[in-house]
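Participant: This is a predicted model, with the sequence first.
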Amino acid sequence: MAAKTARTHQEHILIVEDEDGRRSLPLLEASYSLGREETCDIHLKSPFVSRHHAMLYRKLREDGTSYYRIVDGDDRGRPSSNGLVVNGHKKLERDLEHNDELVFGNGVFAIYQARQRVIPDTSSSEDPYDITLIDPAMMMDD
C-alpha cells in the first residue's frame, strides 16, 4: 500500500476589538489598509485610531508559505499619529507571527493568527474498504 500524501492549508486571521466589539476577519487579499477612515479595508472604530493607521501586506517565504507584514501609516509611507504597538513594543513595521498582539489606540487592538491545517489527500485510487468476494463455486478442488 502506498503512503498517503497530505497538503497544508494556511489560514490568516485578524481578530479585531474596537468600539463595535470583537470580530474575526479572514485575511485573503494581498494587502489591507487599517484605520478610522470608513474607506479603509479594515475599519477600526475609535477616535484614538488614525484615519489611515497601518497597512498589512502578504509576503511569501522561500518554502512557499505566506505571512503578513504590518507597516505603520498609509500606503504612501506617512506614519500614523498614534503609532503602532506590537507585543508591547512600538514598531514601524513587523513581520507578524502567530498570536502577535497589535495595539492601535486606547481600547483598540487586534490579534494575528496564522493557522495551518493538514489536509489528507483523498484522491488516491486505493480504497481501504475495497474487497473482492470469491464465490465458493469458483474454487477448484485438486
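Facilitator: Ah, there it is. Residues are numbered from 1 along each chain as shown.

Participant: can you tell me the helix or strand for residue 102?
Facilitator: strand 100-105 (DSSP states H and E).

Participant: What residues sit buried inside that strand?
Facilitator: 100, 102-105 (16 or more other CB atoms under 10 Å). Heads up, the C-betas are built off the backbone N, CA and C, glycines and all.

Participant: Would you mind giving the residues you listed as JSON lines with pLDDT and distance to residue 17 added?
Facilitator: Shown next, in JSON lines, are those (pLDDT from 0 to 100; distance: CB to CB, whole Å):
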{"residue": "100", "pLDDT": "98", "distance to residue 17": "14"}
{"residue": "102", "pLDDT": "98", "distance to residue 17": "10"}
{"residue": "103", "pLDDT": "97", "distance to residue 17": "10"}
{"residue": "104", "pLDDT": "96", "distance to residue 17": "10"}
{"residue": "105", "pLDDT": "92", "distance to residue 17": "11"}
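
Participant: Just put these in TSV and tack on distance to residue 45.
Facilitator: Shown next, in TSV, are these (distance: CB to CB, whole Å):
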residue	distance to residue 45
100	21
102	15
103	15
104	11
105	11
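
Participant: before we move on, back to that, for the strand holding residue 102, packing partners?
Facilitator: Identification of packing neighbours for strand 100-105 by 3 or more CB pairs under 8 Å, 6 or more residues apart in numbering; DSSP states H and E yields strand 84-86, strand 108-120.

Participant: So what's the residue count around residue 106?
Facilitator: By other CB atoms under 10 Å, the residues close to residue 106 number 11.

Participant: Quick check: closest non-adjacent residue to it.
Facilitator: Residue nearest to residue 106 in three dimensions, not counting chain neighbours: residue 48, with 4.6 Å by CB to CB, 6 or more residues apart in numbering.

Participant: can I assume that neighbour is in contact with residue 85?
Facilitator: No - Residue 48 is beyond contact range of residue 85, at 12.0 Å (criterion: CB atoms under 8 Å).

Participant: any residues in contact with both of these two?
Facilitator: Shared contacts of residue 48 and residue 85 (CB atoms under 8 Å, 6 or more residues apart in numbering): residue 104.
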